[in-house]
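Student: quick one, what's the 3D model for this:
(one chain, ligands or ions: 1)
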Amino acid sequence: MHSGKLITFEGLDGCGKSTQLEKINNWLIQQGCEVLKTKEPGGTRIGQQIRHILLNPEHKELNPESELLLYLSDRIQHLKETILPAKAQGKMVLCDRFHDSTVVYQGYGRGIDLRSIESIISYSIKPYLPDLTFLLTIPPETVAHRLDQRDEQFVKDRLDMESQDFFERAANGYHELASAEPERFVCLNGEQEVEVIHQQIIAVIQQRFEIGFKS
Ligand code: TMP
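Tutor: Numbers count the residues shown, from 1 in each chain. Next up is the predicted model:
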């Protein structure tokens, strides 16, 4: 049995990370791995309720610091209830967004002091940092266009409606985080074909975790 790993997928809205997460989930299962596919916010029953508060487009009055603490509450519940038990069982945990999203969206995007975010993260999240993070990069100016291209059932959430400036600050935040932790982050150009990105992700996972060498 492989020891459990936490692999997170990050990037601006519409970057294609959820598609890639689904594909690598299927590939890992084919390789015989036990996998947990999950997401933030909303990876637990309680988290689903927090997600509703956070993303409801009608909640325009939500204070940035309340928003920050709700994302962190969701994460702590998710870690303790779901992620850590799954890792302890040897599962590969694939998580659509994790703490980097908070630093980037609430810190760089909203402008909340990075040190105060860091102080909360350092005691509650840092002991459980991801083993690997895939960052799919797209130009911030394409976010709105990519979200508009989604199918008719897709409804924009509160964060999807943010300005291009917000996504520019967030893109810069991702860039800085990835530069500071080059071992953990693997940056992939999210404008490539879906299948090309998928093969790049497989190659990294094979190399890091020695999975998938059977024919
Ligand atoms: P999703 O669309 O990828 O499910 O994510 C929901 C939105 O929440 C997305 O716009 C990014 C945002 N978000 C934050 O602002 N901070 C966070 O900590 C997380 C996990 C997500």
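Student: which strand or helix spans Asn25?
Tutor: When elements are assigned from DSSP states H and E, Asn25 belongs to helix 17-30.
Student: partners of the next helix-or-strand element following that helix, with directions?
Tutor: For helix 17-30, the following helix or strand on the C-terminal side (DSSP H and E) is strand 35-39. Applying DSSP bridges to the sheet, strand 35-39 is found paired with strand 92-96 (parallel).
Student: buried set for the helix or strand just after the partner strand?
Tutor: Next in sequence after strand 92-96, counting helices and strands by DSSP H and E, comes helix 99-101. For helix 99-101, a neighbour-count test (16 or more other CB atoms under 10 Å) marks 99-101 as buried. (Each C-beta comes from the backbone N, C-alpha and C, glycine too.)
Student: distance between helix 99-101 and the chain's centre?
Tutor: Distance of helix 99-101 from the chain centroid (CA atoms, centre = their mean, to the nearest Å) equals 7 Å.
Student: so which of the buried residues of helix 99-101 are also by the ligand?
Tutor: Restricting these to those near the ligand by CB under 6 Å from any ligand atom leaves Ser101.
Student: so Glu22 makes contact with Lys39?
Tutor: No. With contact taken as CB atoms under 8 Å, Glu22 and Lys39 are classed as non-touching, separated by 10.9 Å.
Student: these two: which has the busier surroundings?
Tutor: Each of Glu22 and Lys39 had its neighbours counted (other CB atoms under 10 Å), and the higher figure belongs to Lys39 (18 against 14).
Student: tell me the contacts of the more buried one?
Tutor: Each residue near Lys39 by CB atoms under 8 Å, 6 or more residues apart in numbering is listed here: 18, 95-97.
Student: just the buried ones from the residues you listed?
Tutor: Among the contacts of Lys39, the ones that count as buried by 16+ other CB under 10 Å are 18, 95-97.
Student: per-residue pLDDT of Pro57, please?
Tutor: With respect to pLDDT, Pro57 scores 90.
Student: can you pull the contacts of Asp13?
Tutor: Neighbouring residues of Asp13 by CB under 8 Å, 6+ apart: 143, 146-147, 159-160, 167.
Student: among the residues you listed, which one sits closest to the ligand?
Tutor: Using CB to the nearest ligand atom, Leu159 is the member of these that lies nearest the ligand, at 3.1 Å.
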